[in-house]
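In: sharing a model prediction with you, sequence too.
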Amino acid sequence: MQALNLPPFDARIDTKEGKHFILDVIRRRYVALTPEEWVRQHFVHYLIAYKGFPRTLMANEVQLCLNGTKKRCDTVLYKRDLTAQMIIEYKAPDVKITQAVFDQIGRYNLVLHVDYLVVSNGLCHYCCRMDYEHNTYRFLPDIPAYQAL
């Protein structure tokens, strides 16, 4: 897999019948190792090890209903009261982060109304804080530590 702009971690990878799987520490099971999953696992480990995010307040592949269709947020961080606080959307490293990616995560936020939106392809990472009072958002220079949220 491609090197990413994230700290390395001890990835637990297994191969079965010629297919590669990686341990998802949030779901606590092996999942297919796709380029997007490679980014997700690196990013989740980064948030836990370097930003102090509690693993117990994170969920991967969170299903929601949007305009009558089922969608899945890649990762959602919850507050201690279990309301959603951050949506994280991952793309494979060869996928450019475009306005369409921000539109996608914005649609998810119509349902969840979080404080932070994060997008990453493992090479470029963007984080913005929502300002619902002024109906806008502000890009941050870095992903804040959990204690600063």
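Out: Sure thing, it's come through. Residues are numbered from 1 along each chain as shown.

In: C-alpha from now on. contacts and neighbour counts both.
Out: Noted.

In: hey, where'd the helices end up in the chain?
Out: Listed in chain order, the helices of the chain (DSSP state H) span 35-51, 99-112.

In: buried residues, the last one. List them.
Out: It stands for helix 99-112. 101-102, 105, 108-109, 112 (16 or more other C-alpha atoms under 10 Å).

In: before we move on, what about the longest one?
Out: Of the residues in helix 35-51, 35-47, 51 count as buried by neighbour count, 16+ other C-alpha under 10 Å.

In: now that helix: mean pLDDT?
Out: With pLDDT averaged residue by residue, helix 35-51 scores 96.

In: show the model's pLDDT score for A11.
Out: What the model reports as pLDDT for A11 is 92.

In: beta partners of the residue nearest to the spatial centre of the chain?
Out: The chain has I88 as the residue nearest its centroid, 3.0 Å off, counting by C-alpha atoms, centre = their mean. Each beta-bridge partner of I88 is listed here: T75, V118, as defined by DSSP bridges.

In: isn't it right up against V62?
Out: No. I88 is beyond contact range of V62, at 10.6 Å (criterion: C-alpha atoms under 8 Å).
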